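Trainee: Okay, structure incoming, though there's no sequence with it:
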Ligand SMILES: [Ca+2]
Ligand SMILES: [Ca+2]
């Protein structure tokens, strides 16, 4: 019974002694308050030989961040205090707490002199029976992701480190366009469009210069029973060394690969190559494509593209609409004697409403960046005439007979 009453007295003392001003958090439960029984009679005074307190040394490492206005506050039940900065990421404080007592311990890391939370640590903490003990928290035990004032998915700490405003969702201020126009993507569509479903498939058109000039394509295809093989298309102008398009098709376990190239020569020289892989995972299809090309004559144009997207089959078609992923395009030119590079990065998570577009334009004396959202992607931008047929694809072919 005596032990129980002592404990009650200790807690009451702590509740009455919260220390907010910081540096000294020593508590003394032996304040001389008498233990009182339920009928109001004074009983025995605490035995000074019995130890009721534990001096706890809290030693805390916080996530790395530099500011003149950092604070670290600790609460344990009703008790609270500030911690003292020791150096680097290290903070500490000593608190005299009642022993054998369990309370919710909460430690919060602030910037702006308490104005903004950067991270927090919370767990039940029970003092032991020793005269002194040490409680340590390391930086990686701090929850920083729960503190995201503008709810943009980047926590306050990372926004402050990056120099963005943790209270404003910068994305919500970006303009929205209807269509982001692209070109020279989904190239395998072109090659696959010449293949029926039959396997093996052999075709060897005799080149008829007249019909090729009329726009007819001469196709040579040799696709085996497995779906592996090669396809070549000759289009106007008809000389194979002037205008060739060829690709190799490979069937892998859950995917179809195309790699190929095409060229075109007149007063400019074109070379384009690509690899493309469409894979199936249940109903989902994904496309990984890498392309690069050049168009060299009086001026030089070079481009590199990457596609890493997922999509779902459009009902009644053999194509997939892109639902999420990342597309990049880097385009360099010295047209008009002015060298420049434009880099587009287009991303969308499956939960996003729009594509996020980041456009960086660099020339000798300028670097400019534009960020905006696009409701749709359109692949109908034609930079050069030879792209027609090959690149005008809003959707990627995904209903391969082998998948
Ligand atoms: Ca944020
Ligand atoms: Ca922000």
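Mentor: The structure has been received and is ready for your questions. Bear in mind the structure is a predicted one, so any value in this text is a computation, not a measurement. Ligands and ions are numbered 1, 2, ... in the order given.

Trainee: Near ligand 2, which residues of the stretch 51-200 of the chain? Just list them.
Mentor: Proximity of the stretch 51-200 of the chain to ligand 2, by Cβ under 5 Å from the ion, involves residues 150, 159, 164-165. Glycine gets a C-beta too; all of them are placed from N, C-alpha and C.

Trainee: Identify the farthest-apart pair in the residues you listed.
Mentor: Across those, no pair lies farther apart than 150 and 164, at 9.1 Å, counting by Cβ to Cβ.

Trainee: follow-up on the earlier one: give me the subset of the residues of the stretch 51-200 of the chain next to ligand 2 that also touch ligand 1.
Mentor: Answer for these near ligand 1 (Cβ under 5 Å from the ion): 150, 159.

Trainee: Can I get the buried part of the residues of the stretch 51-200 of the chain next to ligand 2 as one ChimeraX selection?
Mentor: Selecting only the buried entries of those in ChimeraX, with 16 or more other Cβ atoms under 10 Å as the criterion:
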select :150,159
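
Trainee: quick one: which of the residues of the stretch 51-200 of the chain next to ligand 2 is nearest residue 263?
Mentor: Closest to residue 263, out of all of these and judged by Cβ to Cβ, is residue 164, at 45.8 Å.

Trainee: Got the confidence number for residue 15?
Mentor: pLDDT for residue 15: 38.

Trainee: same check, this time on residue 37
Mentor: 42.

Trainee: Next: residue 366.
Mentor: At residue 366, pLDDT is 93.

Trainee: burial of it, as a residue count?
Mentor: 8 (other Cβ atoms under 10 Å).

Trainee: where's it relative to ligand 1, distance?
Mentor: For residue 366, the distance to ligand 1 (Cβ to the ion, to the nearest Å) stands at 30 Å.

Trainee: and if you look at residue 357?
Mentor: In terms of Cβ to the ion, residue 357 sits 21 Å off from ligand 1.

Trainee: show me where the stretch 1-150 of the chain has strands.
Mentor: 53-61, 71-76, 79-82, 84-87, 90-98, 102-111, 116-126, 132-137 (DSSP state E, counting those that start in this stretch).

Trainee: Hmm, residue 72 is touching residue 113, no?
Mentor: No: between residue 72 and residue 113 there is no contact under Cβ atoms under 8 Å: 11.8 Å.

Trainee: Which of the two has more residues huddled nearby?
Mentor: residue 72 (23 against 11).

Trainee: got a list of what the spatially closest residue to the more buried one that is not a sequence neighbour touches?
Mentor: Of all residues not flanking residue 72 in the chain, residue 83 sits nearest, at 4.2 Å (Cβ to Cβ, 6 or more residues apart in numbering). Residues near residue 83 by Cβ atoms under 8 Å, 6 or more residues apart in numbering: 58, 60, 72-74, 91-93, 107.

Trainee: distance of residue 83 from residue 114?
Mentor: 13 Å (Cβ to Cβ, to the nearest Å).

Trainee: Spell out which residues are contacts of both of those two.
Mentor: With Cβ under 8 Å, 6+ apart, residue 83 and residue 114 have common neighbours residue 73.

Trainee: Same list (the strands of the stretch 1-150 of the chain) but as CSV, adding mean pLDDT and distance to ligand 1.
Mentor: Shown next, in CSV, are the strands of the stretch 1-150 of the chain (pLDDT from 0 to 100; distance: least, Cβ to the ion, whole Å):
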stretch, mean pLDDT, distance to ligand 1
strand 53-61, 97, 24
strand 71-76, 98, 20
strand 79-82, 97, 26
strand 84-87, 96, 25
strand 90-98, 97, 24
strand 102-111, 98, 14
strand 116-126, 98, 11
strand 132-137, 97, 24
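
Trainee: Nearest to residue 198 among those strands would be which one?
Mentor: Closest to residue 198 of the strands of the stretch 1-150 of the chain, according to Cβ to Cβ: strand 116-126, at 62.4 Å.

Trainee: The closest one packs against which elements?
Mentor: The helices and strands touching strand 116-126, judged by 3 or more Cβ pairs under 8 Å, 6 or more residues apart in numbering; DSSP states H and E, are strand 102-111, helix 156-162.

Trainee: Who are the packing partners of the longest one?
Mentor: Contact analysis of strand 102-111 by 3+ Cβ pairs under 8 Å, 6+ apart lists strand 71-76, strand 116-126 as its packing neighbours.

Trainee: Could you tell me which strands sit next to that strand in the sheet, and their orientation?
Mentor: Strand 102-111 pairs in its sheet with strand 71-76 (antiparallel), strand 116-126 (antiparallel), by DSSP bridges.

Trainee: Going by proximity to ligand 2, name the top residue of the stretch 1-150 of the chain.
Mentor: residue 150 (4.5 Å; Cβ to the ion).

Trainee: cool, the stretch 251-400 of the chain as well?
Mentor: With Cβ to the ion, the shortest gap between the stretch 251-400 of the chain and ligand 2 falls at residue 371, namely 13.2 Å.

Trainee: That residue in helix, strand or coil?
Mentor: strand (DSSP: H, G, I helix; E, B strand; the rest coil).

Trainee: What degree of burial does it show, as a neighbour count?
Mentor: Neighbour tally, residue 371, other Cβ under 10 Å: 15.

Trainee: Give me the pLDDT value at the closest residue to residue 224 other than its chain neighbours.
Mentor: Computed as Cβ to Cβ, 6+ apart, the closest residue to residue 224 that is not its neighbour in sequence is residue 200, at 4.9 Å. Note on residue 200: pLDDT of 97.
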